[in-house]
Structures are given as structure tokens and as C-alpha cells.
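Asks: Quick one, structure for this:
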Amino acid sequence: MRTFLYTIAFAATLAAQTEKLPGDIDPQSFSRLPLAHREQLSGEALRVYDAVAGKDANGKERATPPLGPVATSIYSPGVAEPMNKLNQYLRNTVVGPAMFQICTLIAAREFDEKYEWTAHEAGARRANVDPKTIDAIRYSRGFDGLPEKDALVIRFGRALLREHQVSPELYAKVVETFGQQGMFELTAIMGDYVMAAIMLRAVDQHVPNGASELPAIKR
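Replies: Just a heads-up that it's a prediction; the model follows:
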């Protein structure tokens, strides 16, 4: 569930963090949108909330509202539900969990989205993504010393998100390596997390517990 990753117990740092937030940031949601509380909802909005945000990553009833993309998307139930269904599918595609996490990091890096990066850097480490791959994405480095498939996916992602086109040679190599379905699902994962990154940038989502380092890069 996209909410992993986006719900951490932040109460202990709340008071200290609040003082540092910009004036338009809600101190509970750490974004420009206040948290949507279940007891404030009814009808279709309540049904979607329960479907999308009602349980935590372990399947237990959620004690507090989620943060991040789920908290943002829930303001539009018609968006939140299909977004969640797509994300659930994309977590179990033919490309596997490591490539899934690499794609999320590429999207987060290209939009300088620290909340998304912080959540998925942890996910990438759990999926045993090579630390050199994580740093190559973080610092926008080249591909020397990276696993071949990791380097290929980073090249593919940068072509899509920076150059806005994919050469015939690169496309053919991605299809040769991952198949046509895999090529499309790599693209879909990056697209899903680009959408999430745009949402989070719009509401200026902050990281309650402090963000992982994500330095400015020249593209």
C-alpha cells in the first residue's frame, strides 16, 4: 500500500518541527492541506477513505490519518481510489520489487521530492537495491560500477523525464531486457510516482522526521 510508506509515528518531533514550518503548512499534515479525518466524512467519501486509507501497511485499522500522497488524494475520492488500485498493481509487476523501488527513486529525484524519496530510499534498501544505484540516482551520477539492469532503468528514466524521448536503441535494449510488458510497467511505475510527486509539490509536503539528503543537481 502506498501508505507505507507514508505513515510514520511523528508525534515526538511535532512541536520542534512546527516552529520550522512555513506559515501555510499545517502542523499535523506537514502540508498545505489539513488532514482529512474519517469522522468528518460520509457517503462515498467515507467509503473511499476506508478503502484507501482505513488500514495501515500491516492491514490493521489505522489509528491516525495517513500523510503524504494518500492524505492529498483523499480530497478527491474519484482520484484517490483508482490511484490506489493502480499503485497496488504496480507493486507486483513482472519487473520485481527492486526495479519498482528504483523507478520510484528516479521519479522522486527528477522532481526533487524529498518526502517521496525518504520513504522509498528505505524501501529500496529493504528490496536490496545496490547502494551505488541509490547514490547514482540521488547525485545524478553516471553508471560506472552499477549493476547492468539498474543502469539501464536509470538511463530509461532519465530519457523519459529529462529528454522526453527514448532513442530506438535504448527502447530496444529495455524491451530485450524486460520484455514489452516489463518496459511498459517500468514506465507506468515512474508515471505513477511522477503523479504523486507533482501532488506533493503542489501542497509543499514536508517530511516530519527529517528528509534524506537530496542535494540540488544540474540537469
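
Asks: Just want the phi and psi numbers for residue 61.
Replies: Main-chain torsions, residue 61, degrees, to the nearest 10: phi -60, psi 130.

Asks: Can you name the residues that contact it?
Replies: Residues near residue 61 by C-beta atoms under 8 Å, 6 or more residues apart in numbering: 54, 55. For glycine as for every other residue, the C-beta is placed from the backbone atoms N, C-alpha and C.

Asks: partner residues bridging it?
Replies: When assigned by DSSP bridges, residue 61 has beta-bridge partners residue 55.

Asks: pLDDT at it, what is it?
Replies: We have a pLDDT of 79 for residue 61.

Asks: for residue 2, same thing?
Replies: For residue 2, the model assigns a pLDDT of 58.

Asks: in stretch 71-79, what counts as buried?
Replies: By neighbour count with 16 or more other C-beta atoms under 10 Å, stretch 71-79 contains the buried residues 71, 72, 73, 74, 77.

Asks: shaky segments in the protein?
Replies: The model of the chain has pLDDT under 70 over residues 1-19, 56-59, 211-213, 215-219.

Asks: Next up, identify which helix or strand the most centrally placed residue in it is on.
Replies: Closest to where the C-alpha atoms of the chain average out (C-alpha atoms, centre = their mean) is residue 116, at 4.2 Å. Per DSSP states H and E: residue 116 is located in helix 114-126.

Asks: Which parts of the chain are helices?
Replies: Using DSSP state H, the helices of the chain run over 14-18, 43-53, 68-73, 77-90, 96-110, 114-126, 131-138, 148-158, 168-202.

Asks: can you pull the buried residues of the helix holding residue 116?
Replies: By neighbour count on 16+ other C-beta under 10 Å, the buried set for helix 114-126 is 114, 115, 116, 117, 118, 119, 120, 121, 123, 124.

Asks: Next up, the contacts around the third one.
Replies: Under the criterion of C-beta under 8 Å, 6+ apart, the contact partners of residue 116 comprise 68, 69, 104, 107, 108, 193, 196, 197, 200.

Asks: For PyMOL, what selects the buried ones among those?
Replies: Of the contacts of residue 116, the buried ones go into a single PyMOL selection, burial set by 16+ other C-beta under 10 Å:
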select buried, resi 68+69+104+107+108+193+196+197+200
